[in-house]
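Trainee: Give the three-dimensional model of this entry:
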Amino acid sequence: MITIRGMTWQHERGVAPLVAAASDYNRLHPDVKMEWDARSLQDFERYPLELLADRYDLIMIDHPHIGAAVAENLLLPLDDFIASSFLTDQRLQSVGSSYDSYTWEGRQWALAADAAAQIAAYRQDLLQQAGLELPRSWDDVLALAKELPEGTKIGLPLVPVHAYSSYFTLCAQIGGEAFWSRDLDVPYAVGEEALRILKNLLAVSHKQSAFVDPIGMYELLCTTNEIAYVPLIYGYSNYARAGFRPFQVRCANIPSANGSPNGSMIGGVGLAISSRCKHTDHAVNFLTMTVNGDYQKTSFFQNGGQPGHLKAWKDEEVNRVSNGFFLDTLETLTLGSMRPRFKGYIEFQERAGTDIRQFLIEGNESFGSIVHRLNQMIHRYKSTN
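Mentor: Alright, predicted model coming up:
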């Protein structure tokens, strides 16, 4: 019996579709046993891949890890093992920049099994009961926060990584490009405006906002009536499905001052193969089965997955089951922005997010000084890696 081990992250969206895919693959290949382990969302966002590559054949990865993973020879270049026609389909059917986010130094190191970005999430029932409309601009969001009935707030997940994500999204939206990803400093006016928006939002947000990640925020949104709207949160289509939690969420494009929901920092998850994998043929076959468009819109989605293939995002049945999640947020993902991927980026992201969060809570320095410090910080991390 051949055993192939995989690592994903601990959530229904991260575990269930891969366990189901392992079962599907075993039916086709009875001599292959596939085992999936999971780590927390926090570990997924920052855990060093070198500690996983020795133990696992397949790894679900966040694209900012790519630079370090390639430098340390941790992953197999998929273009050496997968037909160019298949890769072309994946690129042409990419949701936004999902496919490109796993391209590095001219090679393809993972495929987008899962696509995500920061979107807006809301309780349609609570907004309707209050006679309020979905916000379109950042001014609209602040107005909504003031008009919500007593006991109901807006929310904004602001643990360090997600404080960073929201700052990055707003800078890309306001300035029209992902500055750090292009080796450009964030202009003072852009960074200051992004921080000002976040500080204003936090001031009128649920008291738990500074202490929860997206999963924690969705749990509040879908198990209580304390939050009606979240303007920036990574999409989790599970919460838009009837019966997943007591209350069903609906999702939308992010607000924007310019009418276009551009700039959202893309996330999602890529499926990669460890360079230490001893059964490459089965790992490749499993990967291509899992990211295939027809599989993504059926078994992968039906078992709690959030597809990375555009065919699934546009599928009528997928959207019916998910309360319109995919079509209602597709424009945001299409116009999304990509993070830097240099070696050492993960540590920078954590440190920058900590400083952003502290500033938003305490505000004991000027807007300009934090923008300057963040620009200097990324230069230091790049020069030492």
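Trainee: Pull out the buried positions in the helix or strand hosting I4.
Mentor: Counting by DSSP states H and E, the element that carries I4 is strand 2-9. Buried residues in strand 2-9, counting neighbours by 16 or more other CB atoms under 10 Å, are found at I4, R5, G6, M7, T8, W9. In this view, the C-beta of every residue, glycine as well, is placed from N, C-alpha and C.
Trainee: correct me, but the last one touches W36?
Mentor: No: the pair W9 / W36 is not scored as a contact, 10.5 Å apart, by CB atoms under 8 Å.
Trainee: follow-up on the earlier one: redo the buried residues of strand 2-9 as JSON lines? Include pLDDT and distance to E316.
Mentor: Listed next are those as JSON lines, based on pLDDT from 0 to 100; distance: CB to CB, whole Å:
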{"residue": "I4", "pLDDT": "96", "distance to E316": "34"}
{"residue": "R5", "pLDDT": "96", "distance to E316": "36"}
{"residue": "G6", "pLDDT": "95", "distance to E316": "31"}
{"residue": "M7", "pLDDT": "93", "distance to E316": "33"}
{"residue": "T8", "pLDDT": "93", "distance to E316": "28"}
{"residue": "W9", "pLDDT": "84", "distance to E316": "29"}
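Trainee: Just send those back as a markdown table, with distance to S101 too.
Mentor: Shown next, in a markdown table, are the buried residues of strand 2-9 (distance: CB to CB, whole Å):
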| residue | distance to S101 |
| --- | --- |
| I4 | 25 |
| R5 | 25 |
| G6 | 20 |
| M7 | 19 |
| T8 | 18 |
| W9 | 17 |
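Trainee: what's the farthest-apart pair in the residues you listed?
Mentor: Greatest spatial distance among these (CB to CB): I4 and W9, at 18.2 Å.
Trainee: Skipping its backbone neighbours, what lies nearest K382 in space?
Mentor: Ranked by CB to CB, 6 or more residues apart in numbering and with sequence neighbours excluded, the top spatial neighbour of K382 is F342, at 5.7 Å.
Trainee: That neighbour - how many residues pack around it?
Mentor: Residues lying near F342 (other CB atoms under 10 Å) number 20.
Trainee: That one reaches G67, doesn't it?
Mentor: Yes: F342 is within contact range of G67, at 4.8 Å (criterion: CB under 8 Å).
Trainee: sorry, back to before: tell me the residues that contact both of W9 and W36, please.
Mentor: Taking CB atoms under 8 Å, 6 or more residues apart in numbering as the contact rule, W9 and W36 both touch V15.
Trainee: check contacts around N262.
Mentor: Neighbouring residues of N262 by CB under 8 Å, 6+ apart: A172, Q173, G176, S256, L335, G336, S337.
Trainee: hmm, which of these are the buried ones?
Mentor: Neighbour-count burial (16+ other CB under 10 Å) applied to the contacts of N262 gives A172, Q173, S256, L335, G336, S337.
Trainee: what are the phi and psi angles of the closest residue to Q93 other than its chain neighbours?
Mentor: Spatial nearest neighbour of Q93, chain neighbours left out: L310 (4.3 Å); criterion: CB to CB, 6+ apart. With angles defined as degrees, to the nearest 10, L310 sits at phi -60, psi -30.
Trainee: so how many other residues sit close to Q302?
Mentor: Using other CB under 10 Å, Q302 has 14 neighbouring residues.
Trainee: Now do G216 against D125, distance only.
Mentor: Remark: distance between G216 and D125 (CB to CB, to the nearest Å) = 21 Å.
Trainee: Apologies, that question was intended for G106.
Mentor: Going from G106 to D125 by CB to CB gives 49 Å.
Trainee: Neighbour count: the two, which is higher?
Mentor: D125 (13 against 7).
Trainee: From what I see, A120 and P255 are in contact.
Mentor: Yes: with contact defined as CB under 8 Å, A120 counts as touching P255 (6.7 Å).
Trainee: For the nearest residue to L184 once chain neighbours are set aside, grab phi and psi.
Mentor: Nearest residue to L184, sequence neighbours excluded (CB to CB, 6+ apart): E177, at 7.6 Å. Backbone torsions for E177, taken as degrees, to the nearest 10, come to phi -160, psi 160.
Trainee: Need the pLDDT of E177.
Mentor: You'll see E177 listed with a pLDDT of 95.
Trainee: and it, how many neighbours?
Mentor: By the measure other CB under 10 Å, the count of residues near E177 is 15.
Trainee: now do the one 10 residues further on
Mentor: A count of nearby residues for P187, using other CB under 10 Å, gives 15.
Trainee: show me what contacts it?
Mentor: Each residue near P187 by CB under 8 Å, 6+ apart is listed here: G175, F179.
Trainee: What separation do you get for R39 and P307?
Mentor: To P307, R39 is 22 Å away according to CB to CB.
Trainee: same check, this time on N200
Mentor: Noted for N200: a distance of 35 Å to P307, by CB to CB.
Trainee: Please compare those two by neighbour count and tell me which comes out ahead.
Mentor: Ranked by neighbour count (other CB under 10 Å), N200 and P307 place P307 first, with 27 against 16.
Trainee: Pull the contacting residues for that one.
Mentor: By CB under 8 Å, 6+ apart, the contact list for P307 reads A113, D114, A115, Q296, K297, F300, F301, W313, V318, F326.
Trainee: Try it again at 7 Å.
Mentor: A115, Q296, K297, F300, F301, W313 (CB atoms under 7 Å, 6 or more residues apart in numbering).
Trainee: Could you do Y167 as well?
Mentor: By CB under 7 Å, 6+ apart, the residues touching Y167 are A194, L195, L198, I356.
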